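K.L.:
I'll drop the sequence and a predicted model, then ask my questions.
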Amino acid sequence: MADDSLAIERKDEDFGKCKYGCEHYRRRCRIRAPCCNQVFTCRHCHNEATSSLSNPKDHHELVRHEVKQVICAVCDTEQEVARVCSNCGVNMGEYFCSICKFYDDETAKQQFHCDECGICRVGGRENFFHCPTCGSCYTISLRDNHLCVENSMKGHCPVCYEYLFDSVKGTSILKCGHTIHMDCLREMAMQNQYRCPLCSKAAVNMSDNWRMLDDEAPFHIFGLKCSHCRSYNTRRISAVEQPDVATVPSEEEHED
Ligand SMILES: [Zn+2]
Ligand SMILES: [Zn+2]
Ligand SMILES: [Zn+2]
Ligand SMILES: [Zn+2]
Ligand SMILES: [Zn+2]
Ligand SMILES: [Zn+2]
Ligand SMILES: [Zn+2]
Ligand SMILES: [Zn+2]
């Protein structure tokens with residue numbers, strides 16, 4: 001709260017860092033939605049609120065690039081999109097993207113903006129490259145090492161039907177080139193299903209060098225190693241190893 005609206009109290013840039021925000025992001029501002037002129041902490045808050053409106057005609061999604069105005073969470077001053085509050089001087093987001101109008105105090109997520117994707121992603125720029133054919137960023141272990149499918153990321157997950165390109169969840173590429181959420185893939189593996197839901201091809205090419213599976217975290221999902229013979233057996237259902245690196249960086253978002 002500003003104690004006196006006339007006195008401009010300049011604060012340290014780091015003041016209030018990680019102390020404000022919503023369930024999606026720690027950020028020191030709220031955004032004015034250009035579509036409905038209402039104020040929300042983030043576009044997910046906006047989208048959740050509008051999708052729960054009783055009239056389906058009111059349902060709409062906020063276009064992040066069109067946000068023009070933000071309100072500083074520290075001093076409540078509405079102003080044009082910028083990193084630093086023009087009134088109190090705090091960083092409204094430790095990470096700030098002027099293209100996505102995106103703010104996030106939690107920089108441990110290693111946000112970066114990909115010009116070709118046109119959005120911010122998480123996971124560290126140095127860990128990913130942009131594949132122009134697939135139309136998305138992939139982990140560098142997939143460079144020259146994946147089946148390119150034109151705009152493969154501009155489709156929906158075959159399990160849950162969510163649009164993959166800007167999904168906040170990690171995505172994996174199957175051997176056939178089709179893409180799917182890692183969580184949904186894991187879910188399938190739990191049910192002993194190892195075929196691509198779209199083309200029914202085996203999700204893992206069994207003629208592949210087993211050694212390679214060891215080196216590629218993203219494919220460990222299907223690399224269920226038999227502790228007796230040390231070969232990989234796609235029929236086993238026990239403990240599925242969780243890869244710690246997403247094949248495709250999720251969008252800027254939180255992981256839930
Ligand atoms: Zn709106
Ligand atoms: Zn939010
Ligand atoms: Zn301020
Ligand atoms: Zn961005
Ligand atoms: Zn990209
Ligand atoms: Zn590709
Ligand atoms: Zn899915
Ligand atoms: Zn497929």
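P.N.:
Thanks, I have it. Ligands and ions are numbered 1, 2, ... in the order given.
K.L.:
and the helices in the stretch 151-256 of the chain, which stretches?
P.N.:
Secondary structure of the stretch 151-256 of the chain, counting by DSSP state H, counting those that start in this stretch: helices at 182-190, 210-215.
K.L.:
pick out the shakiest of the ones you listed, pLDDT-wise.
P.N.:
Mean pLDDT values for the helices of the stretch 151-256 of the chain show the minimum at helix 210-215, a mean of 32.
K.L.:
show me what contacts whatever residue of the stretch 101-250 of the chain ends up closest to ligand 3?
P.N.:
In the stretch 101-250 of the chain, the residue that lies nearest ligand 3 is Tyr103 (12.6 Å; C-beta to the ion). Any C-beta I mention is one placed from the backbone N, CA and C, and that applies to glycine too. Neighbouring residues of Tyr103 by C-beta atoms under 8 Å, 6 or more residues apart in numbering: 25, 27-29, 70, 92-93, 95-96.
K.L.:
show me what from this structure comes close to ligand 8.
P.N.:
176, 178, 196, 198-199 (C-beta under 5 Å from the ion).
K.L.:
closest to ligand 4 out of those residues?
P.N.:
His178 (26.8 Å).
K.L.:
what about the closest one, how many residues nearby?
P.N.:
His178 is flanked by 20 other residues according to other C-beta atoms under 10 Å.
K.L.:
from Asp166, how far out is it?
P.N.:
His178 sits at a distance of 18 Å from Asp166 (criterion: C-beta to C-beta, to the nearest Å).
K.L.:
show me the shaky parts of this structure.
P.N.:
Within the chain, the segments meeting pLDDT under 70 span 1-7, 204-248, 253-256.
K.L.:
picking up where we left off before, please pick the buried ones from the residues of the chain next to ligand 8.
P.N.:
By neighbour count, with 16 or more other C-beta atoms under 10 Å, those hold 176, 178, 196 as buried.
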